[in-house]
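In: this is a predicted model, with the sequence first.
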Amino acid sequence: MSKFIYSDEEQKFNNILTHQTKELDLINRPDMSIAEERIEESEKLLRELGYTLTDLPIIDTETKKQTIVVPKWEDLVIKAECEVGSMNELDALFTNEELELNQTVIQSLQDDFNDIHKLDKIDISICAGAGILAAIVDILLIGIPEKTPNGLKGGPLSNYVRDWFNQRFPEEEMEKLANSKVSKVPFDAQDNRHTKVNVNGLSAYYHRLLSLGHDPLLGLVIGVCDILNGKMTTIDKTGKIVSQFMDNYTDRKESDIFAAIAKQIIHFKSDITTSMGLPAPLMGLFNLLQFGKIGDEDQTIAEIVQGMYYEGYDFIYFSSMAISTMIIEVIIRIGYALKKINEGHSIKILFLFR
């Protein structure tokens, strides 16, 4: 049995190659060594008689052109399978010595590649340093969000990011904006009082996690579509996808796509600093993952993510978590650039190949 698993097309190639190899083996090739000896003897005799072989007349012989008919691939496949079967292996076309030589050559090429591109001590030091520094920042400066009488609080850096958002989007202004008509969207139902199809878990706490229009990424597509169609698209706590019209929200739709995009962005702005703010990008899709037995309570992945959102893992906290990733990226790129410059590479080349 072959150690390789061939696809259907690869197996066809193997069958045809096996058939063609056997066809070539059946061709009787004349032994030209005796003819070559006779030619050499004749040339030697002519030179002894005083003839020069360079001035011999050139005789043109017309070769009749033959039309070569190239068979169709399907015909080659059928003929090969009829002659040699349909389960031929590529290894069988080579001798053991050839296969061993192939492996040696391949291993040599891999070794040469690894010698050029392997991580050296400096590369490992850069990666380790970036990871350790990012971990320290994440643990000591970002921390884990906790609910307090003064709102969500985490590490100093996380609090700084949240305070920046609160200053950039003041609560009083956002409350006025949320109550204005320009920010009203059809997917903002906070419970099931007006829904036609029950959405499990829909509440003031979870409606932004369940409604895909509130997702910072998906909302730019699904949310805009919902505004144009006057609908609300949700993935409830059990993973059920529901898209429905609600009579009380029909006046919130827009007919112009640019107006719908503007309303979507304004609604994002009005919700970003609320107590249960916008979820992290694509967080709502985790409601589909209704499997797993995690922790002492055997929670599913969806339940874990729902709990994280409830505890404060929202878009603002996601933004603060991105700082650690940015630190890793910056340190690795700068460290690698300095290493290459030290090795003699120009700065211009580094920018060209990034």
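Out: Right, received. Where do you want to start? Residues are numbered from 1 along each chain as shown.

In: give me the most central residue, this protein.
Out: With distances taken as C-alpha atoms, centre = their mean, the residue of the chain nearest its centroid is residue 282 (15.7 Å).

In: now do the phi/psi pair for residue 146.
Out: Phi and psi for residue 146, reported as degrees, to the nearest 10, are phi -130, psi 140.

In: which residues touch it?
Out: With contact taken as C-beta atoms under 8 Å, 6 or more residues apart in numbering, residue 146 is in contact with 152-154, 311-312. Glycine gets a C-beta too; all of them are placed from N, C-alpha and C.

In: can we see that at 6 Å?
Out: Contact analysis of residue 146 by C-beta atoms under 6 Å, 6 or more residues apart in numbering lists residue 153.

In: residue 154 versus that one, what's the distance?
Out: 7 Å (C-beta to C-beta, to the nearest Å).

In: equivalent analysis for residue 289, please.
Out: Applying C-beta to C-beta to residue 289 and residue 154 gives a distance of 25 Å.

In: now residue 41, what's its secondary structure?
Out: Of the three states, residue 41 takes helix according to DSSP: H, G, I helix; E, B strand; the rest coil.

In: and the longest helix seen in the chain, how far out from the chain middle?
Out: Assignment by DSSP state H gives helix 315-342 as the longest helix of the chain. Computed by C-alpha atoms, centre = their mean, to the nearest Å, the separation of helix 315-342 from the middle of its chain amounts to 21 Å.

In: quick check: mean pLDDT across it?
Out: Helix 315-342 comes out with an average pLDDT of 91.

In: which parts of it are buried?
Out: 315-321, 323-324, 327-328, 331-332, 335-336 (16 or more other C-beta atoms under 10 Å).

In: what helices or strands is that helix leaning on?
Out: With contacts defined as 3 or more C-beta pairs under 6 Å, 6 or more residues apart in numbering; DSSP states H and E, helix 315-342 has these neighbours: helix 121-136, helix 156-168.

In: what's the next secondary structure element after the helix or strand harbouring residue 270?
Out: For residue 270, the enclosing helix or strand under DSSP states H and E is helix 257-271. Counting by DSSP H and E, the next helix or strand C-terminal to helix 257-271 is helix 301-310.

In: could I get that following helix in PDB with only the CA atoms?
Out: Taking Å, rounded to 0.1, in the frame of the first residue of the first chain, the C-alpha atoms of helix 301-310 are listed here in PDB:
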ATOM      1  CA  ILE A 301     -18.300  28.400  24.100                       C
ATOM      2  CA  ALA A 302     -21.400  30.600  23.500                       C
ATOM      3  CA  GLU A 303     -22.100  30.800  27.200                       C
ATOM      4  CA  ILE A 304     -18.500  31.700  28.100                       C
ATOM      5  CA  VAL A 305     -18.500  34.500  25.500                       C
ATOM      6  CA  GLN A 306     -21.900  35.800  26.800                       C
ATOM      7  CA  GLY A 307     -20.500  35.800  30.300                       C
ATOM      8  CA  MET A 308     -17.400  37.700  29.200                       C
ATOM      9  CA  TYR A 309     -19.600  40.400  27.600                       C
ATOM     10  CA  TYR A 310     -21.700  40.700  30.700                       C
END
